[in-house]
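Enquirer: Predicted model and sequence below, questions to follow.
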Amino acid sequence: MILIVDDMEENLVALEAVLGSLDQVVRARSGEEALKAMLRQDFAVVLLDVYMPGMDGFETASNIKHLDQTKDVPIILLTGADTDADYAYRGYAVGAADFLTKPFDPWLLRTKVNVFLELHRKNRQLADQAEQLRRLLVGENSSPETSKTSAGGDMEEHRSREGTGTDTVGTAAGDEDSTAGSSRG
């Protein structure tokens with residue numbers, strides 16, 4: 001999911017039009033609303049306007065980065081063309097992953113957001129695989145018979161690969177050692 005944060009309706013509409021086909025878009029009209037939304041849902045990326053009444057984009061980004069639940073969510077700060085050059089530095093200093101000036105190129109914005117969406121998907125996939133592996137290992141360790149059978153099967157499989165030369169890890173390490181040895185000599 002993508003969280004877009006801006007106090008101006010026309011900016012939210014424009015961002016939603018550009019990003020809506022990539023993933024589900026959630027709107028927030030203030031920094032406070034953004035923080036509440038982030039504590040309720042999991043977001044792949046946040047697009048955050050710098051100029052907002054109340055809690056501005058820098059303060060909102062800082063608060064996002066200080067919460068354990070949200071600290072790893074990438075933030076793209078958005079600001080108008082007439083901003084101080086120091087704004088980009090301030091944005092990166094509070095933990096923003098990127099900084100774009102309005103008006104932005106829709107293709108560029110979609111491309112940047114899509115990278116963060118893909119990273120989020122890959123991270124979720126890795127977390128799911130790690131959980132499956134953990135459950136598998138816990139399940140094997142809880143049953144002594146299963147553990148012995150599985151360990152024996154794994155050892156037999158390794159021996160058969162070793163005999164046929166299909167143990168790619170061993171072969172790669174062997175090739176690397178022989179190459180390293182010949183280049184030293």
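Expert: Cool, the structure landed.
Enquirer: And the strands in the chain, which stretches?
Expert: With DSSP state E as the criterion, the chain has strands at 2-5, 25-28, 45-49, 75-79, 98-101.
Enquirer: how about the CA coordinates for the fourth one, as CSV?
Expert: Translated: strand 75-79. Provided in CSV are the C-alpha atoms of strand 75-79 (Å, rounded to 0.1, in the frame of the first residue of the first chain):
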residue,chain,number,x,y,z
ILE,A,75,9.6,8.2,2.7
ILE,A,76,9.7,10.3,-0.4
LEU,A,77,9.4,14.0,0.5
LEU,A,78,7.6,16.3,-2.0
THR,A,79,8.0,20.0,-2.1
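Enquirer: Outside of that strand itself, list whatever touches it.
Expert: Here strand 75-79 makes contact (CB atoms under 8 Å, 6 or more residues apart in numbering) with 6, 11, 45-51, 57-58, 61, 64-65, 87, 91, 95-102, 104, 112-113, 116. Where you see a C-beta, it was placed from the backbone N, CA and C, and this is true even at glycine.
Enquirer: hmm, back to that, dump the strands of the chain into TSV; add mean pLDDT as well.
Expert: Converted to TSV, the strands of the chain look like this (pLDDT from 0 to 100):
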stretch	mean pLDDT
strand 2-5	96
strand 25-28	96
strand 45-49	96
strand 75-79	93
strand 98-101	89
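Enquirer: closest one to residue 125 among those strands?
Expert: Comparing the strands of the chain by their distance to residue 125 (CB to CB), the top pick is strand 45-49, with 16.8 Å.
Enquirer: Just the buried residues from the contacts of strand 75-79, in ChimeraX please.
Expert: Buried members of these, defined by 16 or more other CB atoms under 10 Å, are picked up in ChimeraX with:
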select :6,11,45,46,47,48,49,50,57,58,61,64,87,91,95,96,97,98,99,100,104,112,113,116
